[in-house]
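Participant: Just to be clear, the model below is a prediction. Sequence and coordinates:
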Amino acid sequence: MHFVYSVKMMQSLLSNLDAVRQRIAKATRDCGRPADTVCLLAVSKKFPAQDVQAMAQGGQIDFGENYIQEGVEKIISLKPTNPLLVWHCIGPIQSNKTKWVAENFDWVHSIDRLKIAQRLSEQRPLGLKPLQVCLQVNVDGGASKSGIAPDEVLALAQAVMQLPQLQLRGLMTIPEPADTYELQLHVHQQTKKLFDELKSPLSLQKFDTLSMGMTTDLEAAIHAGATMVRVGTALFGRRDVA
Ligand SMILES: *Cc1c(COP(=O)(O)O)cnc(C)c1O
């Protein structure tokens, strides 16, 4: 498709970006946190590189992808014109895909097995900065998703810290959808507590990232202490109609 990317499309993406920024600004204000303590990660899975490019023109820097092959294709196509974008892998990683991730992404949020972490460290090219990683925790015991149990986090964190080409930055979580703000807040607060409890035993210089909150629960996540919210639908639209 080589027709000119429509101005209307571009404007609607930029107005979505503005609206999400305002939600984040309001949520931080409401709980007395400085606005710059929350980073917006734009989840561009299932949307084309052109949409990423439009968001980048609005000043968005961090992008998240779930599917490795799709993500790597986008990274490779956008790198020449947008070398400063920061790419986050937020989906499950099979062993046979670790090399692609290690060579192309800047961050991985979905570490939940030592074997995958070891492969990522071994395969991270030496010329690149260490891969920035978060451990994915299954805080509410949701059966359908990946992530380690809270009581396994410390041991995995201590092992991941030893890997030379990875830098452990924090935790990531995807709670089960909850109907009310109170329920959302409750589960995010549990993750925050776990995150705080790890700080002293790990004593890392930069254990500073709590990746939680999506389109429907970003306010609750920010109130609980999220430092990075991962937003797809509110920015790019609904994925099933894309
Ligand atoms: C898709 C996805 C998101 C974004 O979800 P929305 O509800 O569309 O904002 C965030 N995090 C992960 C891990 C995802 O897979």
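Facilitator: Arrived safely. Here the structure is a predicted model, which is why all the values come from computation and not from measurement.
Participant: what sits against the residue lying closest to residue 84 once chain neighbours are set aside?
Facilitator: Leaving aside its sequence neighbours, residue 84 sits nearest to residue 61 (CB to CB, 6 or more residues apart in numbering; 6.7 Å). For the C-beta atoms, the positions are set from N, CA and C on the backbone; glycine is no exception. For residue 61, the contact set (CB atoms under 8 Å, 6 or more residues apart in numbering) comprises 84, 85, 86.
Participant: Residue 61 and residue 88: what is the separation?
Facilitator: The gap separating residue 61 from residue 88 is 11 Å, by CB to CB, to the nearest Å.
Participant: which of the contacts of residue 61 lies closest to the ligand?
Facilitator: Comparing these against the ligand with CB to the nearest ligand atom places residue 86 closest, at 15.7 Å.
Participant: who does the closest one bridge with?
Facilitator: Beta bridges link residue 86 to residue 62, judged by DSSP bridges.
Participant: Give me the distance between it and residue 92.
Facilitator: With CB to CB as the criterion, residue 86 and residue 92 are 21 Å apart.
Participant: Most neighbours of all the contacts of residue 61, which one?
Facilitator: The residue in those with the most neighbours, by other CB atoms under 10 Å, is residue 85 (20 neighbours).
Participant: you'd agree residue 205 is in a helix?
Facilitator: No. Read with DSSP: H, G, I helix; E, B strand; the rest coil, residue 205 is coil and lies in no helix.
Participant: From the contact counts, what lies against the lengthiest helix in the chain?
Facilitator: The longest helix of the chain (DSSP state H) is helix 7-30. Contacts defined by 3 or more CB pairs under 8 Å, 6 or more residues apart in numbering; DSSP states H and E place helix 7-30 against strand 39-43, helix 49-57, helix 218-224, helix 233-236.
Participant: rerun at 10 Å
Facilitator: strand 39-43, helix 49-57, helix 218-224, strand 228-231, helix 233-236 (3 or more CB pairs under 10 Å, 6 or more residues apart in numbering; DSSP states H and E).
Participant: Provide the secondary structure category for residue 129.
Facilitator: Here residue 129 is coil, with the state taken from three-state DSSP.
Participant: Would you mind listing the residues in contact with residue 58?
Facilitator: Residues near residue 58 by CB atoms under 10 Å, 6 or more residues apart in numbering: 10, 13, 14, 15, 16, 17, 18, 21, 42, 235.
Participant: List buried residues within the residues you listed.
Facilitator: 10, 13, 14, 16, 17, 42, 235 (16 or more other CB atoms under 10 Å).
Participant: State the pair within the residues you listed that is farthest apart.
Facilitator: Maximum pairwise distance among the buried ones among the contacts of residue 58 (CB to CB): 14.7 Å, between 10 and 42.
Participant: between the contacts of residue 58, which is nearest residue 197?
Facilitator: The nearest one, if we look at the contacts of residue 58 relative to residue 197 and count by CB to CB, is residue 42, at 30.0 Å.
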